[in-house]
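A.B. asks: How does the following fold in three dimensions:
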Amino acid sequence: MEERNELYPIFLKVNQLNILVVGGGNVGHEKLHFLFKSSPNAKVEVVAKWFLKETEELAKLHGAKLTKGRYKRKYLKKRHVVIAATNDAKLNKRVYKDAKKRFLLANIADTPELCDFYMGGIVNKGHVKIAISTNGKSPTTAKRLRQFFEEVIPENVNEMVENLNEYRKSIKGDFEAKVEQMNSITESLIYKKEKND
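C.D. replies: Got it, this is the predicted structure:
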């Protein structure tokens, strides 16, 4: 039987969650950068003994809190998500174990077996967001797929989403009737696009 990706994609409202990043070096910066690229208002605190200058600038730009010092368990209080991104594998594993005791979602950089979730490739066009995962097998493929979708999704997709949202509000009837009508409309949009291609 063919191996399959069993990850369940969800879109977290990280502006309403408390995220802790442990690590102020290159990997921590990369995680922070992609988090803010997708969600500029994410609520984040970064704990590290030192920070890259770029990390300090990024944190200032997005209002993230930087805490200089060693990681301690107390930093996990009132958190929802934890990302460990230090160059110390032992410390990263400790962060993971501490997070699991508190039932927190954890991502331990470059250690798939210690991840509850992956931070995949993301395509963002207004209200439309597509997350891409290769199950941790090929980040390069995820990157190429992201570039492909960024090219093929039209720039006016946001306008279409807004218009359909307004139309959906005006439809009368129960949930099932609304779904049927919206499916009918969006199906014709796709059919028209295929016909024009």
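A.B. asks: which ones are touching the residue nearest to the spatial centre of the chain?
C.D. replies: For the chain, the residue sitting closest to the mean C-alpha position, by CA atoms, centre = their mean, is Met119 at 5.6 Å. Shown in contact with Met119 (CB atoms under 8 Å, 6 or more residues apart in numbering): 31, 34-35, 107. Placement of C-beta: from N, CA and C, glycine included.
A.B. asks: tell me which element it is part of?
C.D. replies: Met119 belongs to no helix or strand when assigned by DSSP states H and E.
A.B. asks: coming back round to it: how about the contacts of Met119, which pair is most distant?
C.D. replies: Within those, Phe34 and Asn107 form the most distant pair, 11.4 Å apart (CB to CB).
A.B. asks: how close does the residue nearest to the centre of the chain get to Asn158?
C.D. replies: Between Met119 and Asn158 the computed distance is 24 Å (CB to CB, to the nearest Å).
A.B. asks: Could you report the neighbour count for Ala99?
C.D. replies: Around Ala99 there are 25 other residues, counting by other CB atoms under 10 Å.
A.B. asks: That one in helix, strand or coil?
C.D. replies: Assigned with DSSP: H, G, I helix; E, B strand; the rest coil, Ala99 falls in the helix class.
A.B. asks: Leaving out sequence neighbours, find the closest residue to it.
C.D. replies: Sequence neighbours aside, Ala106 is the residue nearest to Ala99 in space, at 4.0 Å (criterion: CB to CB, 6 or more residues apart in numbering).
A.B. asks: Surely that neighbour is within a helix?
C.D. replies: No: counting by three-state DSSP, Ala106 falls outside a helix, being strand.
A.B. asks: hey, what's the closest residue to Pro9 other than its chain neighbours bridged with?
C.D. replies: Nearest-residue entry for Pro9: Ala131, 5.4 Å, with adjacent residues in sequence omitted and distances by CB to CB, 6+ apart. Legend: beta-bridge partners of Ala131 under DSSP bridges are Ile122.
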